[in-house]
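**Student:** got a predicted model here, sequence first, then my questions.
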Amino acid sequence: MRPQTHTDSASQEITLSPEAFRKTALALKEELGRVIVGQEEVIERLLAAFFAGGHVLFEGLPGLGKTRLAKSFAQALGLQFKRIQCTPDLMPADILGTQLVVERDGRKTFEFARGPVFTHLLLADEVNRATPKTQSALLEAMEEHQVTMAGTTFQLEEPFFVMATQNPIEMEGTFPLPEAQLDRFLFRLFVTSPSPEELSRILRQTTGSDVASVNPVLPVDRARAWILSARRLVREVLVASPVEAYVVRVVTATRPGDDGSASPAQRFLRYGASPRGAQAILMGAKVLALLNGRVHVSLEDVDRMALPALNHRVILSFEAEADKRTSTDILTEIIEPLLRSRTASTG
């Protein structure tokens, strides 16, 4: 596997090896772990989504540190960060920008005033409180990394990464994210409540005189070049044919009506995962392989990435909703037989 070289706009060339990537990524994970207590798996998957070039949706009860995690992540990377507080009266122009009438040399012309989407890291806080019209304003930016306004297309500067949060509680005043919007997120990550020990550590860190802060892990003047080189390196990670075939089996098993679909899919799902789900699993698994010091994806990497990549890409049937089954419950039932058969064949 050859080291990746990237030259940014300042003509800074960075040659990145797998070991150099692993060392810096683990330092980033450790720095976040100092201020975000008890969310090691969420942090690892956040890193996987970022270096895979995707976006992340955080879901959890209020007060669990979702917004703090996003802001700390931006501080650790040293990249430009902007936050949008989503509300029902938020308009697409509040995100993308708007055309302003300006007077220059005695003539009035239109000039585009860029919105907060023009940044490296964007936090859409409580995204499901924005109306569907406003939510759709992010579709083009998240997929194509560009904004089209009045017939003119504006490219977003790389890297561009969206972190969105939503609370599963307080349904009044919220709008469910449409399937097309959900599919733009590489992972949906659940932020859970801390254990008593973790809560004690949080209290010590946040109520004393010394409040934990985040330090940049990457040099500010080379952060962009390093990240873009890292993303290219991730794509060079090797995937063996059996591993690729296993990803295909997992995704196909979520589709009711397909020959390879599992019985829970037939009963509890209306629609299975799209090809983007398979791509998300594999890209996340590639990052995980590098974090573990390997340049090839293992089946275990796939297992760890399957749920966050698929849990927002399947649509539940009426029976599943009536039984209060979650997508994670159903996906676990679908994947477990595949895992057992794989273990039996190798054992």
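**Tutor:** Received, thanks. No experiment lies behind these values; they were computed from the predicted model shown.

**Student:** just checking, R83 touches D125?
**Tutor:** Yes. Between R83 and D125 there is a contact under CB atoms under 8 Å: 6.1 Å. Just so you know, the C-beta spots here come from the backbone N, C-alpha and C atoms, and that holds for glycine as well.

**Student:** intersection of neighbour lists for the two?
**Tutor:** T67 (CB atoms under 8 Å, 6 or more residues apart in numbering).

**Student:** more neighbours, those two?
**Tutor:** Using other CB atoms under 10 Å as the criterion, R83 and D125 rank with D125 on top: 19 against 16.

**Student:** for the more buried one, give me phi and psi.
**Tutor:** As for D125, its main-chain torsions (degrees, to the nearest 10) stand at phi -80, psi 130.

**Student:** so what's it up against?
**Tutor:** So D125 contacts T67, R83, I84, Q85, C86, A164, T165 (CB under 8 Å, 6+ apart).

**Student:** show me where the stretch 101-250 of the chain has strands.
**Tutor:** Assigned strands in the stretch 101-250 of the chain, in chain order: 107-114, 121-125, 146-149, 152-155, 161-166, 187-190 (criterion: DSSP state E, counting those that start in this stretch).

**Student:** Serialize these to JSON lines and add fields for distance to R325 and mean pLDDT.
**Tutor:** JSON lines is the format used below for the strands of the stretch 101-250 of the chain (distance: least, CB to CB, whole Å; pLDDT from 0 to 100):
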{"stretch": "strand 107-114", "distance to R325": "43", "mean pLDDT": "83"}
{"stretch": "strand 121-125", "distance to R325": "28", "mean pLDDT": "94"}
{"stretch": "strand 146-149", "distance to R325": "38", "mean pLDDT": "90"}
{"stretch": "strand 152-155", "distance to R325": "42", "mean pLDDT": "90"}
{"stretch": "strand 161-166", "distance to R325": "20", "mean pLDDT": "94"}
{"stretch": "strand 187-190", "distance to R325": "16", "mean pLDDT": "94"}
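
**Student:** to P216, which of the ones you listed lies closest?
**Tutor:** Closest approach to P216 among the strands of the stretch 101-250 of the chain (CB to CB): strand 121-125, 13.0 Å.

**Student:** ok and the closest one relative to strand 161-166, angle-wise?
**Tutor:** 10 degrees (axes from the mean of the first three to the mean of the last three CA atoms, to 10 degrees).

**Student:** start the count at 49, not 1, going forward
**Tutor:** All set: I'll call the first residue 49, so the last point we hit is now strand 169-173.

**Student:** direction included, what does strand 169-173 pair up with?
**Tutor:** Strand 169-173 has the following strand partners under DSSP bridges: strand 129-133 (parallel), strand 209-214 (parallel).

**Student:** adding distance to I363, write those out as JSON lines.
**Tutor:** As requested, the strands paired with strand 169-173 are arranged in JSON lines below (distance: least, CB to CB, whole Å):
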{"stretch": "strand 129-133", "distance to I363": "27"}
{"stretch": "strand 209-214", "distance to I363": "17"}
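
**Student:** so of those strands, which one's packed in deepest?
**Tutor:** Of the strands paired with strand 169-173, the one with the most neighbours on average (mean count of other CB atoms under 10 Å) is strand 209-214, at a mean of 25.

**Student:** who's in contact with that one?
**Tutor:** Contacts for strand 209-214 (CB under 8 Å, 6+ apart): 94, 98, 103-108, 114-115, 118, 121, 168-176, 186, 189-190, 222, 225, 232-233.

**Student:** who's in contact with the residue nearest to I275 when sequence neighbours are not counted?
**Tutor:** Nearest residue to I275 in three dimensions, chain neighbours excluded: P207, at 5.1 Å (CB to CB, 6 or more residues apart in numbering). With CB under 8 Å, 6+ apart as the criterion, the residues that contact P207 are F98, G101, L127, H168, R272, I275, L276, R279.

**Student:** 10 Å instead, please
**Tutor:** Taking CB atoms under 10 Å, 6 or more residues apart in numbering as the criterion, P207 is in contact with 98-99, 101, 125, 127, 168-169, 193, 271-272, 275-276, 278-279.

**Student:** then R252?
**Tutor:** V85, D258, A260.

**Student:** for burial, what's the neighbour tally of the second one?
**Tutor:** Applying other CB under 10 Å, we find 7 residues neighbouring D258.

**Student:** and the helices in the stretch 149-298 of the chain, which stretches?
**Tutor:** In the stretch 149-298 of the chain, the helices defined using DSSP state H, counting those that start in this stretch lie at 180-183, 187-192, 227-230, 244-255, 271-283, 289-300.

**Student:** now V343: how far from E284?
**Tutor:** 8 Å (CB to CB, to the nearest Å).

**Student:** okay, how far is it across stretch 128-139, tip to tip?
**Tutor:** 23 Å (CA to CA, to the nearest Å).

**Student:** chain center to that stretch: distance?
**Tutor:** Remark: stretch 128-139 is offset 18 Å from the chain centroid, using CA atoms, centre = their mean, to the nearest Å.

**Student:** can you check stretch 64-81 too?
**Tutor:** The answer for stretch 64-81 is 18 Å, by CA atoms, centre = their mean.

**Student:** can you pull the buried residues of that stretch?
**Tutor:** L64, P66, A68, F69, R70, T72, A73, L76, K77, E79, L80 (16 or more other CB atoms under 10 Å).

**Student:** right, I'll leave it there.
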